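>>> Whatever this is, show me its structure:
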Amino acid sequence: MSAAQTSDPSTPRINPWPWQHRKKTTVALMRSPNHQCWIRVTHHTGVQKLVPWPVFKGWDTALPEACGTPDHALQGYSVPDMVPALAALRKLGFSSPLVTRWPEILKLLPPR
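As a prediction, this is how the structure comes out:
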């Protein structure tokens, strides 16, 4: 079992979000038409988040209302329903989500 999958809070994390759910460790990468990367991550409360990678100025106004509301503390959007959020992103020309785990996504992302 990987560090991100364990429920032991003393185990080191292998992802950049200390708030990520410890058991729901899959993430999804979507790219905007201008190559900005957005990652779907599950918060430890179960709420889905869309976070920019890397965080950029204006991230909190970059996505349509269907994607939820900006959470400035976590630097990502709180998404109440991922289905309409993904549909809105697809209409804007975002790529289909690539769903995998953090170590694999890291290989595809630009450096911070």
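
>>> residues in contact with residue 28?
39, 40, 97, 98, 99, 100 (CB atoms under 8 Å, 6 or more residues apart in numbering). (C-beta placed from N, C-alpha, C; glycine too.)

>>> are any of those residues buried, and which?
Buried subset of those (neighbour count, 16 or more other CB atoms under 10 Å): 39, 40, 97, 100.

>>> coming back round to it: would CSV of the contacts of residue 28 with distance to residue 57 and pLDDT be doable?
Shown next, in CSV, are these (distance: CB to CB, whole Å; pLDDT from 0 to 100):
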residue, distance to residue 57, pLDDT
39, 18, 96
40, 22, 97
97, 25, 96
98, 25, 94
99, 28, 94
100, 28, 92
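
>>> which of those lies closest to residue 85?
residue 40 (8.5 Å; CB to CB).

>>> and the nearest residue to the closest one once chain neighbours are set aside, bridged to which residues?
Spatial nearest neighbour of residue 40, chain neighbours left out: residue 28 (4.0 Å); criterion: CB to CB, 6 or more residues apart in numbering. Counting by DSSP bridges, residue 28 is bridged to residue 40, residue 99.
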